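[1] coords please:
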Amino acid sequence: MIVAFSVAPSGARADGAAPSDASVHEAVAAAVRVVRESGLPNRTSSMFTEIEGDWDSVMDVVKRATEAVGAYGSRVSLVLKADIRPGYSGELDGKIQRLEAELSK
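    Numbering: from 1, shown residues only. Okay, here's the model as predicted:
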């Protein structure tokens, strides 16, 4: 399965401090660090992080990434989209390769 997700904090920081500015790059970095340390295939763009693996592994990483962001605000927003296709792997790159091949025709 491939999951694309975006996670961001809002509200006051967990320690009671007000957010320093509107940027959430520190919180996003904490989430992406969890994803990259998982060892699962992943890719991060300006708006989403994609991760590929089995259901339990992927959802565990999403949960831990969401918890990491929780330290940066009193609330956390999570947007998640999943492509669940049993029996397939390597699709994080495979889908892009097939698209590029079609576009080059």
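
[2] tell me which residues in stretch 76-91 are buried?
    Neighbour-count burial for stretch 76-91, counted by 16 or more other CB atoms under 10 Å, picks out Val76, Glu91. Yep, even glycine has a C-beta here, placed from its N, CA and C like the rest.

[3] Go ahead and measure how far it is from the middle of the chain.
    In terms of CA atoms, centre = their mean, to the nearest Å, the centre of stretch 76-91 is found 10 Å from the chain centre.

[4] From the centroid of this protein, which residue is nearest?
    What sits nearest the mean C-alpha location of the chain, by CA atoms, centre = their mean, is Thr49, with 3.6 Å.

[5] For that one, name its beta-bridge partners.
    Note on Thr49: beta-bridge partners by DSSP bridges are Phe5, Thr44.

[6] which intervals of this protein have sub-threshold pLDDT?
    13-22 (pLDDT under 70).

[7] Can you identify each of the strands in it by residue range?
    Taking DSSP state E, the strands of the chain run over residues 2-10, 42-44, 49-52, 75-83.

[8] In the first one, which residues are buried?
    By that I understand strand 2-10. Burial within strand 2-10, assessed by neighbour count using 16+ other CB under 10 Å, is assigned to Ile2, Val3, Ala4, Phe5, Val7, Ala8, Pro9.

[9] Excluding residues flanking it in the chain, which one is nearest the last one?
    In this case it means Pro9. Spatial nearest neighbour of Pro9, chain neighbours left out: Gly73 (2.8 Å); criterion: CB to CB, 6 or more residues apart in numbering.
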